[in-house]
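K.L.:
sequence unavailable; structure follows:
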């Protein structure tokens, strides 16, 4: 029983299932991208500088913004990195043509355990590119250790994405292709 004059509010939220690989591949790089572009947007910059004073609404807004930024990074990966680099160097089989209810779990396992890391590494690389650009425009320029660390990080992340892609494609070829061809 509530005291007189107390109003109860019930919030019923229906959630879409969220997997850790989705958070890893989209949200985390999106948060880095938000930080990188903050100097260009004064309102965002001020909110990120005052995270200790951020309330629930601001936190939710930043979470949504990070997810959206991660979605843009994911789009870059899908329309540029994947077709122009990855697929040209290691073409995947047509797994969907061989997909059946018996091997659906294997397909999903491959996506969650391997492909999402392909996108995570690439998305994180694009976010780091934004961080590098931001640093070059708003900071000390090329001749400092942090700049070289960011460049090295970008190279490592793109190489990791490529290596993970070959693992993913080889997995698909072993599970779904009629003949086994390794990259």
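P.N.:
That came through, no problem. None of these values were measured; they are calculated from a predicted model.
K.L.:
mean confidence score for the biggest helix by length in the chain?
P.N.:
When the chain is parsed with DSSP state H, its longest helix is helix 145-176. Mean pLDDT, helix 145-176: 94.
K.L.:
who does it touch, helix- and strand-wise?
P.N.:
helix 104-110, helix 116-138 (3 or more Cβ pairs under 8 Å, 6 or more residues apart in numbering; DSSP states H and E). For every residue, glycine as well, the C-beta is placed using N, CA and C.
K.L.:
nearest to residue 77, out of the ones you listed?
P.N.:
helix 116-138 (4.3 Å; Cβ to Cβ).
K.L.:
buried deepest among the helices and strands packed on helix 145-176, which one?
P.N.:
Among these, helix 116-138 has the highest mean neighbour count (mean count of other Cβ atoms under 10 Å), at a mean of 21.
K.L.:
so can I have TSV of the helices and strands packed on helix 145-176 showing distance to residue 51 and mean pLDDT?
P.N.:
Shown next, in TSV, are the helices and strands packed on helix 145-176 (distance: least, Cβ to Cβ, whole Å; pLDDT from 0 to 100):
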stretch	distance to residue 51	mean pLDDT
helix 104-110	36	85
helix 116-138	18	95
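K.L.:
residue 30: which of these is closest?
P.N.:
helix 116-138 (7.3 Å).
K.L.:
the inter-axis angle of the closest one versus helix 145-176?
P.N.:
Angle, helix 116-138 to helix 145-176, by axes from the mean of the first three to the mean of the last three Cα atoms, to 10 degrees: 160 degrees.
K.L.:
which one is residue 162 nearest to, not counting chain neighbours?
P.N.:
Take residue 162 and drop its neighbours on the chain: the residue closest to it by Cβ to Cβ, 6 or more residues apart in numbering is residue 86, 6.5 Å away.
K.L.:
so who does the one you found touch?
P.N.:
Contact analysis of residue 86 by Cβ atoms under 8 Å, 6 or more residues apart in numbering lists 118, 161-162, 165.
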